[in-house]
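J.: I would like to see how this sequence folds:
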Amino acid sequence: MSGDLVLNDLATRPKDEERCEAVWDDLAGFVQYCDEHNMDDAQTACAVLFAEAIAEQMAHDKTTIGDVTFDLIAGHHHLNQFVSRRLLEQMEALEVIKPPTIMDRWTRKTKQQIARRTLWDLGSTSKEFLDLTYIRGYERVKRNAGPHAQASDSRDQHGDPNESIVHRYFVRAGELFYRHVRGYEDVRTYVRLGDLTDVDSSVANRRLDIVAYDANGNIIATAEAERHPVESTGVVRDAEAMALVPGDTDWIVYAKPQLNDLLDTLDQHLITRPDGIPGWSKRRTGKPDAMDRLRRIWNHPNGSIPRLESEIVTEVYSIDNLRALLKEHVPYIFDPVDPNGITWVEDGN
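T.: This is a model prediction of the structure:
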C-alpha cells in the first residue's frame, strides 16, 4: 500500500468532535498555519488528527481513530502507518511533532524509541495551538482526587503531569505495572499530596505520579517517574512527598545510568547518614550496594528525615524493566492494531 493511500485514509477518518473541542485551543489557527506552509487539505487533516491523537494520549492514556482504540503503551508506530514518510518529515520540520528526548545527566538526547516503542512528542507548533491545560491533566487530576480531597480553586488542581511524552509513557507503564503485575486494583495518577494526607500547606499541592490503594482504601504504594535524576531539587521534592505517605516508594527511570544517578542524588542530598555508614563510593556504584546502604540508613535509629512515613526508595525500575515485566504478564497490551485491514511491521520485541 502506498504512502499516499494511507495518508488519504487518515484524512477521511471520522472526526471526534468532542475530543477536537477539548484538546484544541485554536484549531483554526493551526489549520491556517498548515495552509501557510503549503499543506493541502488532506495533509492538514492528517496533521490535525496526528497531533490530536498524541495530545489525547497524554491527557488520558489512549485515543481513538474511528472505532479503534490505541493505548499509549503500544507506542506511535500505528500513527506512522497512517501517513506517508514525506508528511512525517514535513510535520517534524514544522515542529508539529518531534522525537522524544531523554536526559543523560545534563545532556538532552533524542531517542525515537523508548522501551522499544516508537514515540512522538508534541512539537512547539502544536503546543502553540493546543489546550495545554487540558493536556497536562487538569481533568485527570480532578478525577483522581484522593479521600482527603477538598473543594479548592481550580488553579490548585494543576500539577506538573504530562511534562513530555517520555514522562507520560513512564507513568503509563508504571500504572499498568501496578495493575497487572502487582495486582493493585485501584491505581490513580497525578494525585495531589494534600488529598492523600494531612500535610502543611507549603507541600499540599505537590503531585504524586502514581498512587495505589488496597481494597480498604489504604495507600500501599506510590511511584515517581524521574526523567532527570541528577536534578537534585526535583528528586528531593518528590522523595519527600512520597515519604510522607505510607506504602512502598518506587521510582521509574530511563536506564541503568539514570538509576545510579537517582540513588546518588538521594544519598547525597536527602538522607541523614549516621556515623559509621559510608557514603557513595566510585567502587560501590552498583544498585545492590546502594540499595543496601539506603536500607541500613532507614533502619538506623539516627538515620531518616523528619516525619518520614515510608522508605525514600523501595525499588527503582528502568523503563525496559517495566516493559519486560509487562510483556511477560500481559503481552497482549503491546500487540499491534490492524485498523480496517491496514497492516504494518510490528516494532521490535
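J.: Tally up the residues packed near the residue nearest to V166 when sequence neighbours are not counted, please.
T.: Nearest residue to V166, sequence neighbours excluded (C-beta to C-beta, 6 or more residues apart in numbering): P100, at 4.8 Å. Every C-beta, even on glycine, is put in place using the N, C-alpha and C of the backbone. When counting by other C-beta atoms under 10 Å, one arrives at 21 neighbours for P100.
J.: got the contact list for P100?
T.: T110, K111, Q112, I114, L119, W120, D121, S164, I165, V166 (C-beta atoms under 8 Å, 6 or more residues apart in numbering).
J.: ditto for E95
T.: E95 makes contacts with G123, S124, T125, S126, as judged by C-beta under 8 Å, 6+ apart.
J.: What pLDDT does the model give the first one?
T.: On pLDDT, G123 comes in at 95.
J.: Let me know whether it touches T101 as I believe.
T.: No: using C-beta atoms under 8 Å, G123 is not in contact with T101; the gap is 11.8 Å.
J.: ok, those two, which is more surrounded?
T.: Higher neighbour count among G123 and T101: G123, with 19 against 16, using other C-beta under 10 Å.
J.: check contacts around the more buried one.
T.: Counted by C-beta under 8 Å, 6+ apart, G123 has contacts M91, E92, L94, E95, V96, I97, K98.
J.: could you dump those to CSV with pLDDT, secondary structure and distance to R207?
T.: Formatted as CSV, the contacts of G123 follow (pLDDT from 0 to 100; DSSP: H, G, I helix; E, B strand; the rest coil; distance: C-beta to C-beta, whole Å):
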residue, pLDDT, secondary structure, distance to R207
M91, 96, helix, 31
E92, 96, helix, 31
L94, 97, coil, 32
E95, 96, coil, 28
V96, 97, coil, 28
I97, 96, strand, 26
K98, 96, strand, 25
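J.: Go through those and name the one nearest N205.
T.: K98 (29.6 Å; C-beta to C-beta).
J.: Which strand residues bridge that closest one?
T.: Beta-bridge pairing of K98 under DSSP bridges involves D121.
J.: can you pull the contacts of it?
T.: Shown in contact with K98 (C-beta under 8 Å, 6+ apart): E92, W120, D121, L122, G123, S124.
J.: CA atoms of the lengthiest helix in the chain as CSV?
T.: In the chain, taking DSSP state H as the definition, the longest helix is helix 41-60. Output of helix 41-60 as CSV, limited to C-alpha atoms (Å, rounded to 0.1, in the frame of the first residue of the first chain):
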residue,chain,number,x,y,z
ASP,A,41,-6.4,19.8,2.7
ALA,A,42,-5.6,16.1,3.2
GLN,A,43,-2.2,16.7,4.7
THR,A,44,-3.7,19.3,7.0
ALA,A,45,-6.4,16.9,8.1
CYS,A,46,-3.7,14.3,8.9
ALA,A,47,-1.6,16.8,10.8
VAL,A,48,-4.7,17.8,12.9
LEU,A,49,-5.6,14.2,13.8
PHE,A,50,-1.9,13.2,14.4
ALA,A,51,-1.3,15.9,16.9
GLU,A,52,-4.8,15.5,18.4
ALA,A,53,-4.2,11.7,19.0
ILE,A,54,-0.9,12.3,20.8
ALA,A,55,-2.5,15.1,22.9
GLU,A,56,-5.4,12.9,24.0
GLN,A,57,-3.0,10.1,24.9
MET,A,58,-1.0,12.5,27.0
ALA,A,59,-4.2,13.5,28.8
HIS,A,60,-6.0,10.2,29.0
